[in-house]
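A.B. asks: below are the sequence and a predicted model; questions follow.
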Amino acid sequence: MRQNLVAGNWKMNLTYPEGVALVSEITRLAAEAAAGANAPEIVICPPFPLLHGVGEQLPKASKFHLGAQNCHQKESGAFTGEVSAKVLASVGCEYVILGHSERRQYFGETDELLSQKLKAALAAGLKPIFCVGESLDTREADETFDFIGQQLASGLFHLSNEEFAQVVIAYEPIWAIGTGRTATSAQAQEVHAFIREQIARAYDAQAALDTTILYGGSANAQNARELFSQPDVDGGLIGGASLKAVDFTAIIQSF
């Protein structure tokens, strides 16, 4: 049975003291919601230098988990400035975001590279949050499904059934990231349902039912409840709103 999940992607924001203070406030405000029967899994993804300190603030044996924003595809080596999945696991990470549109756009990450990163993350015991999504040009050309289908097939569907069972998928329409524009709940549901159909074809119906699929793209405290009410939307990959304790807590409480 799939899990509802809310992941906060802090991106390149907050100093160490600010990050520790924010997560302390989030865990305080969300303590009651996180203990509820319908509470989602909650993943906090700060920048690399903040991981250990933020992780130390997360309540043990709780719904709160630590995640990273990226990892390298190799376990170790002469890759100055990079961080391996093995190192991330060693500081307490349980999740890692892979394939975010900003990594694809600004750092040239390809589906081939991401397939290697997936393997590395899984080998280290991390659960990947694998991102897919289309640009505004792609959507306006009515090519959304073809584009996302290719991202899934090339970047993700090479995994075995056992490996795939560890993956969370995040649909993030690029045209809605940081723009203030948000896919309507109907638009989000349509793409999430399509992704689930593709999983069923690549694996089986049970795998499709069990896979957590998140919406990312200007999700916030005001629209989260409507988005999360859709049958194939299992939570959110949250950007800017995850930097505000009150807003992020409200999103956690939206189930």
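C.D. replies: Thanks, I have the structure now. Residues are numbered from 1 along each chain as shown.

A.B. asks: touching, residue 14 and residue 243? I think so.
C.D. replies: Yes: counting by Cβ atoms under 8 Å, residue 243 is a contact partner of residue 14 at 7.0 Å. C-beta here means a position set from N, CA and C on the backbone, and glycine is covered the same way.

A.B. asks: need the overlap of contacts for these two.
C.D. replies: Counting by Cβ atoms under 8 Å, 6 or more residues apart in numbering, the residues touching both residue 14 and residue 243 are residue 22.

A.B. asks: buried ones in the worst-scoring helix or strand of the chain on mean pLDDT, by neighbour count?
C.D. replies: In the chain, the helix or strand scored least confidently by mean pLDDT, DSSP states H and E is helix 31-34, which has a mean of 86. Residues of helix 31-34 classed as buried: 33-34 (neighbour count, 16 or more other Cβ atoms under 10 Å).

A.B. asks: now do stretch 117-131
C.D. replies: 117-122, 124, 126-131.

A.B. asks: and if you look at stretch 82-95?
C.D. replies: Across stretch 82-95, burial judged by 16+ other Cβ under 10 Å covers 83-89, 91, 93-95.

A.B. asks: which of the buried residues of stretch 117-131 sits closest to residue 64?
C.D. replies: Within the buried residues of stretch 117-131, proximity to residue 64 (Cβ to Cβ) peaks at residue 127, which comes in at 14.3 Å.

A.B. asks: got the contact list for the closest one?
C.D. replies: By Cβ under 8 Å, 6+ apart, the contact list for residue 127 reads 94-96, 121, 166-168.

A.B. asks: what pairs with it across the strands?
C.D. replies: Counting by DSSP bridges, residue 127 forms beta bridges with residue 95.

A.B. asks: and it, what pLDDT?
C.D. replies: If you check residue 127, the pLDDT there is 98.

A.B. asks: returning to that earlier point: biggest separation within the buried residues of stretch 117-131, which pair?
C.D. replies: Farthest apart among the buried residues of stretch 117-131 by Cβ to Cβ are 124 and 131. That separation is 18.9 Å.

A.B. asks: what about residue 228, how many residues nearby?
C.D. replies: Neighbourhood size, residue 228 [other Cβ atoms under 10 Å]: 22.

A.B. asks: understood, closing this out.
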